[in-house]
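S.K.: Have a look; sequence and predicted model below, questions after that.
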Amino acid sequence: MAELDFSQDVILGEAGECFMIDYLTSGNRGILLDRRKNYTWDFKIKFLKDNQVKTFEAKTDIYCIPDRILNGKKIMGKDSGNIFVEFYCRGKESGIRVTEADWFIYYFKYVGEIWLIKIDDLKELIRNNEFPIGVGGDYKSDSTGYLIPRYKFRKHFIYFNNIFQEELV
């Protein structure tokens, strides 16, 4: 979840959505049918393998950064270890509580990971666990959401890592 002003968040989110769409449709896997700018869902893809149409609620995380070496020195990265699943923002229900998408997709830009889960499965996961609640976002947005420890609950997600390496092959 980004903590910039909302206009910057939108630009980063849309760039992340474009990447996720490209990833999900690459190699003739699917065709983008539609994109939306409201709470219902973010994009719709028709998958060619099974001819199914799926909608996606997409989130991009730019604050998870791996360790790296710069001028021979190790620079520590940062990672909360969580997936943030918003349910309240700007005084009203949002995110997981209002989406009509089939799938939730979370893109960790700088570590090259994509996490997918069916919305119904995500709601059940939240219902069956007492996840901590986090507040973030831009000034006065009060974006509130569940903090799901991603590696602890990885078995519930479809997980792609090293997505940049996969695309080079």
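M.R.: Okay, I see it.
S.K.: all contacts plus neighbour counts: C-alpha atoms, from now on.
M.R.: OK.
S.K.: which residues does Asp34 contact?
M.R.: Phe43, Lys44, Ile45 (C-alpha atoms under 8 Å, 6 or more residues apart in numbering).
S.K.: 7 Å instead?
M.R.: Applying C-alpha atoms under 7 Å, 6 or more residues apart in numbering to Asp34 gives the contacts Phe43, Lys44.
S.K.: Helix or strand for the residue most central in space within the chain, just tell me which one.
M.R.: Residue closest to the average C-alpha location in the chain (C-alpha atoms, centre = their mean): Tyr106, at 1.8 Å. Using DSSP states H and E, Tyr106 maps to strand 103-108.
S.K.: Please name the strands paired to that strand in the sheet, noting orientation.
M.R.: According to DSSP bridges, strand 103-108 has the following sheet partners: strand 52-61 (parallel), strand 113-118 (antiparallel).
S.K.: Turn these into JSON lines, columns for distance to Ile133, mean neighbour count and mean pLDDT.
M.R.: Formatted as JSON lines, these follow (distance: least, C-alpha to C-alpha, whole Å; neighbours: other C-alpha atoms under 10 Å; pLDDT from 0 to 100):
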{"stretch": "strand 52-61", "distance to Ile133": "17", "mean neighbour count": "20", "mean pLDDT": "96"}
{"stretch": "strand 113-118", "distance to Ile133": "20", "mean neighbour count": "19", "mean pLDDT": "96"}
